[in-house]
Each structure stands twice: as structure tokens, then as C-alpha cells.
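**Student:** Can you look at this prediction? I've put the sequence above it.
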Amino acid sequence: MKKLTVIIVLLVLAACAAVGFSDAIDDSNAASGGTEVKIDPKEIIFEHLGDAYGWEMPFAHHRRIPLPIILIASDGVHCFSSARVAHGHQYKDGDITFMVPTEGEYKGKCVEVQPDGQILKPWDISITKNVLALFLSAMVVLLICFSLVRWYKRHGFTAPVGMLGFLELIVCFVYEGVVKSTLGKNARRFAPYLLTVFMFIFIMNLLGLVVIFPGGANLTGNIAVTMVLALITFFITNIFGTKHYWKDIFWPDVPLWLKFPLPIMPVIELFGIFTKPAALTVRLFANMMGGHMIVIVLTLLIFIFTMMCGVAVGGATAVVSIAFSVFMLLIDVLVSFIQAYVFTMLSTIFISLAQEEGEHEHEKHEQHELAKLTPETAEK
Amino acid sequence: MELFTPGFGLVFWMFISFALLFLILWKFAWPVILKTVDERAELIDKGVEYAQNAKESLDNAQQQADRIIADARVKEGDILRDAEALKSQIVEQARSEARKEGQKELDAAKLAIQQARKDARQQIRDEVSEFAIQIAEKVLRGEMDDRKAQTRLVNNLLDEIENQN
């Protein structure tokens, strides 16, 4: 009952906030001579999902924390604050002018303008919002992993308590449930990579759900991040692949006509090598981006309805939208874990498929098993 | 579609930060954590096995103790029964012995009494006959004082003998 009251109060507050916001819009409309404030939902959604040179502060869309821009331009490395090129300003560093176009091919990207007016796209390794979020996530992962290490060094086998206990539970869940059970005797060899991947994705996912400063970046919903992770899995899979794995690709155990003279199966298998990382990349990216997009769209509905039908409808929408947003965010917490888990599990499976031993080893193993079984069966 | 084209900068930084993170964790964190987790799992497995064994041996010991107690009970019963039998036997024996002994005493007493009675009767007889002879002597002496009387007696006696013949 108490909880229900809290929820109702929160919803009413949310509705009031929406009303207040639409009032503010009306005020600004009045101030700017009655011109309609247009909302471009597509613009807003993609801005939130994408990367930026600054980090938005809460409650102030145009005030941003400036981040360093690092460019490898035609004449060397340039490094300056993103505040200098904000709001379409141009910044002259040496002979070259830099700017961020608001439209066109390089929209939202920092470009160099040559003295003769030619626009070039330099190599851009700026510390953008996503890159900073990346660093923060890595820091958090380091922090929590080393706090667990410190606990173990100090307390030996005693199980940790509180948050560390939860962390240990997750690590054990992934290590025992996924890595050990799939890879068997190779578990210790690949566990550090797989656990790092899991922790990193999990923390990035969770930080992405925090709406204000240290979080909110749509990191794992960015194809660059997932692609790098998938590529590392791809390289580990193929570099540590056994002889048997490669034989299975180029000369699999299928009827001869399937591999000679037309190498149908080898082509399919070879294709499979590359579809695996592609699948890894796309599923994590799409899942996380989808979650972010749903919450943004739900929030935008409030403003769209306020624009279209007035404050009352907007207020009503706010209640529904916020209720759904909270629900979606809660589900996203679950999804954060599941997606990190699934990425780790798929990586483990891909690696373990490449760790398969040859047929002879298998037969030997089976014979050994049989030999072990025989005395018992003989007794029966 | 900007969303589907990976940005160079992010790929670059992602690779570097992931590589650094992995190297640091690989070198300093995961060995400690995995070692602890593995060893603890082993310890727990061993502990469980040990506990199972301990429980089993405890159960065995319990069973053994129960068996020993049951055996002891049976033996106790046997011993008690034996003792009971022995006791009644001893009592019976003592009783019969006593009876026999009593009988013997009784017989001896009877015999002594009979003997005493016989002796007493003999004595009385002797005394009585003594008394009779004395009385007869006195009577005869008194009666045989005169001749007449003597003759008469002799005649009477002769008559008796004659009659008898």
C-alpha cells in the first residue's frame, strides 16, 4: 500500500513536470514572437543514441561538459576543447580551420577546412562522450575486480559480503556455469578473456542506463564497441583453433560430392567463420540500442502529444510514458545482464568449437570410457 | 546510416582500453580470483565428501552401538533367566535337603522315643513282678503258719492237677 502511494505521488509529480515544461515552451514561444517550437523526434533519438563531442548536463540540453577533440589532420596532430567548435563556431589552429558542420555529409563530425575552402575529414581520435564512458566503465571494472582481489587476499576463502558477494556470485555464475562447463580443461586458459568481456559489457550496459553524467552513453548500443569485442573473439577463436577445427572447415566429414569438385561445404564453413563475429556484433548492438531507443521514444511521446493536443493530453501521456519508461528501464537492467551473459556464452561456444580434438582422440576417450564402464556392466 | 558505421575513434579507443583492461586484469586480478574460486570449490567438494564419510561412519558406529546394546539386552535377559532358574533350583535343593534332614532327625527321635518307651515298660514290668513276688511271699508266709491250711492247699493243688489229668 505504501509503495503504491509512492508510485502515485511520483506519477503526479511527473505529470506536473510535463505541464511545467509545456508552459516553458509556451513562454519561449511567446518570447520568440509566437513561432512554433518544432520537435524533430528522429533528430533527438539519433542524437541520444549516437556519439557527441560534449556531455550533456542534466536539465540543460545546451549546456555540455566540453571534451577534448584530438585530430590527426593533414599537417599533424591537433588537440583542443570541443567548446571551441560548439554551436557551429570555427576554430583556427595554425593554418587549418576546424568546424563541426550541422548538416551535410560530415554532419556532427569535426572536419578541417583547408585555406582554399576544401573540406577534409581528418582521422578523429577525440575523447568523445562514448570514449569517456568507455574509460569510466573500464575504471569501474578495474575498481570492482580489484576490490574482490583485495578481499580474497585479506580474507582467504571467506565468501565476500554485500556488493562484493553479489560480484562474486556473478563471476562464479559465468565462470562455473558457462566457461568451465563449456571449455572443460581449457577453462583456465580462456577464462580471463571471457570474464573480462563479461564484466566490461555488463558494466557498460548498466552505466548506459544511468541517465545523468557518468552514465547515459549508449556504448554497447554502438556498433564500434560491439564490433571490436566480436573481432577479438574472432581472432582468439581462429588463432587458438586446433588442427581439427581447420580440417573441419576445409575438408569436413560430409559426402565427397559436397566438397569435391565444387567445394560447397568448405565455402559455407568459411563463410561461417565470418558470420559468427558479425552475429555477435549485431545482436549486442541491436539489443542495447533497442532498449535505449524505446525509453527515448516513450519520453518523446510526452512532448509530441503536448505539441499536438495540448497540455492536458501531454500530462496524461506523461503518466503513462513514465510508468512504461520505468518498466522498460527495469527490464533493461535484466537485459544488461542477459546480453553480457549471452555475448560471453556465445564467445565461449565459438572458442570451444575451435578447441575440438581430433577423431582419434575422441575414439580413445570413448574407449577409455567404455573400459571404465565394463567392470560395472560385467558385474550386472 | 550513421548508427551502422563504426566510428574510427571509438574503435581505436575501444581496442586500446579493452586491451589495457584485459592485460591488467589478466595479470593481476583473474589469477587470484579464479584460483580462490577453484580452490574453494575443491575445498567445499572435499568438505562435503568428508562430511558424507563422517556421517556414514557415524551411522555405522550408531548401528554398531545399537547392535551391541541389543546383544547386551539379549544376554542380560539370558543371564537373568539363568539366574532365576539357578535360584529356584538352589532353593528347591535346599528345601529338599532340609526336608530330608528333618525327616532323618524325626526318625531318629521316633526311634529314641520307642526305645525309651520299651525301656520304661521293661522297668515297670520288672518292678511290678518284683512287687508281686514280694506280695506273694508275704501272703504265703502269712497263710502257711498253721498245718491245716498247708494241707488244704496241698490237697487243693492236687485236686486241680487230678482234674486236669
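**Tutor:** Nice, I can see it.
**Student:** Quick check: the spatially closest residue to residue A:321 that is not a sequence neighbour vs residue A:328, distance?
**Tutor:** Leaving aside its sequence neighbours, residue A:321 sits nearest to residue A:298 (Cβ to Cβ, 6 or more residues apart in numbering or on different chains; 4.7 Å). For the C-beta atoms, the positions are set from N, CA and C on the backbone; glycine is no exception. Distance, residue A:298 to residue A:328, by Cβ to Cβ, to the nearest Å: 7 Å.
**Student:** So those two - more neighbours on which side?
**Tutor:** residue A:298 (20 against 17; other Cβ atoms under 10 Å in any protein chain shown).
**Student:** Go ahead and list the helix or strand containing the closest residue to chain B within chain A.
**Tutor:** Closest residue of chain A to chain B, Cβ to the nearest Cβ: residue A:224 (3.6 Å). Assigned by DSSP states H and E, residue A:224 belongs to helix A:223-239.
**Student:** domains in chain A, as residue ranges please.
**Tutor:** A:68-124, A:129-365 (automatic domain parsing).
**Student:** Using a markdown table, lay out the ones you listed together with mean pLDDT.
**Tutor:** Converted to a markdown table, these look like this (pLDDT from 0 to 100):
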| stretch | mean pLDDT |
| --- | --- |
| domain A:68-124 | 83 |
| domain A:129-365 | 89 |
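**Student:** Of those domains, flag the one that's most buried.
**Tutor:** Across these, averaging neighbours per residue (mean count of other Cβ atoms under 10 Å in any protein chain shown) puts domain A:129-365 on top, at a mean of 18.
**Student:** now for the helix or strand harbouring residue A:144, which elements pack on it?
**Tutor:** According to DSSP H and E, residue A:144 maps onto helix A:129-155. When contacts are defined as 3 or more Cβ pairs under 8 Å, 6 or more residues apart in numbering or on different chains; DSSP states H and E, helix A:129-155 packs onto strand A:54-57, helix A:162-174, helix A:187-209, helix A:223-239, helix B:8-24, helix B:30-143.
**Student:** What separation is there between the most centrally placed residue in chain B and residue B:77?
**Tutor:** For chain B, the residue lying nearest the average C-alpha position, counting by Cα atoms, centre = their mean, turns out to be residue B:83 (1.8 Å). Distance, residue B:83 to residue B:77, by Cβ to Cβ: 11 Å.
**Student:** repeat for residue A:179
**Tutor:** Applying Cβ to Cβ to residue A:179 and residue B:77 gives a distance of 65 Å.
**Student:** Run the chain-centre distance for stretch A:298-318.
**Tutor:** The chain centre lies 30 Å from the centre of stretch A:298-318; the measure is Cα atoms, centre = their mean, to the nearest Å.
**Student:** how long is it from one end to the other?
**Tutor:** 9 Å (Cα to Cα, to the nearest Å).
**Student:** where does chain B come near chain A, residue by residue?
**Tutor:** Contact residues, chain B versus chain A (Cβ under 8 Å from any Cβ of the partner chain): B:2-15, B:17-18, B:20-22, B:24-26, B:28-34, B:36-41, B:43.
**Student:** Do I have it right that residue A:82 meets residue A:54?
**Tutor:** Yes - with contacts counted by Cβ atoms under 8 Å, residue A:82 reaches residue A:54, the gap being 5.2 Å.
**Student:** what touches both of those two?
**Tutor:** Contact criterion Cβ atoms under 8 Å, 6 or more residues apart in numbering or on different chains; residues shared by residue A:82 and residue A:54: A:64, A:66-67.
**Student:** Of these - the most surrounded one?
**Tutor:** Neighbour counts for the shared contacts of residue A:82 and residue A:54, by other Cβ under 10 Å, peak at residue A:67, which reaches 19 neighbours.
**Student:** That one: what's it in contact with?
**Tutor:** A:53-55, A:81-82, A:126-129, A:132.
**Student:** SS state for the nearest residue to residue A:84 once chain neighbours are set aside?
**Tutor:** Distances taken as Cβ to Cβ, 6+ apart place residue A:91 nearest to residue A:84, at 4.1 Å, with adjacent residues excluded. Using DSSP: H, G, I helix; E, B strand; the rest coil, the structure places residue A:91 in strand.
**Student:** Same check on residue A:80?
**Tutor:** Under three-state DSSP, residue A:80 comes out as strand.
**Student:** That one reaches residue A:68, doesn't it?
**Tutor:** Yes - using Cβ under 8 Å, residue A:80 is in contact with residue A:68, at 7.3 Å.
**Student:** Identify the bridge partners of the residue nearest to residue A:84.
**Tutor:** residue A:98 (DSSP bridges).
**Student:** OK, contacts around it?
**Tutor:** Applying Cβ under 8 Å, 6+ apart, the residues contacting residue A:91 are A:80, A:84-85, A:97-99.
**Student:** same deal with residue A:164?
**Tutor:** A:147-148, A:151.
**Student:** need the helices for chain A, in chain order.
**Tutor:** A:2-31, A:41-49, A:129-155, A:162-174, A:181-183, A:187-209, A:223-239, A:243-250, A:264-309, A:311-353, A:359-379 (DSSP state H).
**Student:** ok, residues contacting the shortest one?
**Tutor:** Residues lying outside helix A:181-183 but in contact with it, judged by Cβ under 8 Å, 6+ apart, are A:189-191, A:345, A:348-349, A:351-352, A:355.
**Student:** Touching, residue B:4 and residue A:223? I think so.
**Tutor:** Yes - between residue B:4 and residue A:223 there is a contact at 5.9 Å, judged by Cβ under 8 Å.
**Student:** The stretch 251-380 of chain A against chain B: which residues are in contact?
**Tutor:** Counting by Cβ under 8 Å from any Cβ, the stretch 251-380 of chain A sits next to chain B at residue A:289.
**Student:** Please tell me how far the residue nearest the centre of chain A sits from residue A:124.
**Tutor:** In chain A, the centroid-proximal residue (Cα atoms, centre = their mean) is residue A:220; its distance is 0.7 Å. Relative to residue A:124, residue A:220 is positioned 21 Å away (Cβ to Cβ).
**Student:** Then residue A:326?
**Tutor:** 37 Å.
**Student:** Dump the C-alpha coordinates for the helix holding residue A:224 into CSV.
**Tutor:** What follows is helix A:223-239, C-alpha atoms only, in CSV (Å, rounded to 0.1, in the frame of the first residue of the first chain):
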residue,chain,number,x,y,z
ILE,A,223,28.4,-0.8,-33.4
ALA,A,224,32.1,0.2,-33.0
VAL,A,225,32.2,-1.2,-29.4
THR,A,226,30.5,-4.5,-30.2
MET,A,227,32.5,-4.9,-33.4
VAL,A,228,35.8,-4.6,-31.5
LEU,A,229,34.7,-7.1,-28.9
ALA,A,230,33.4,-9.5,-31.6
LEU,A,231,36.6,-9.2,-33.6
ILE,A,232,38.7,-10.0,-30.5
THR,A,233,36.6,-13.1,-30.0
PHE,A,234,37.1,-13.9,-33.7
PHE,A,235,40.8,-13.6,-33.5
ILE,A,236,41.1,-15.7,-30.3
THR,A,237,38.8,-18.4,-31.9
ASN,A,238,40.9,-18.7,-35.0
ILE,A,239,44.4,-18.2,-33.6
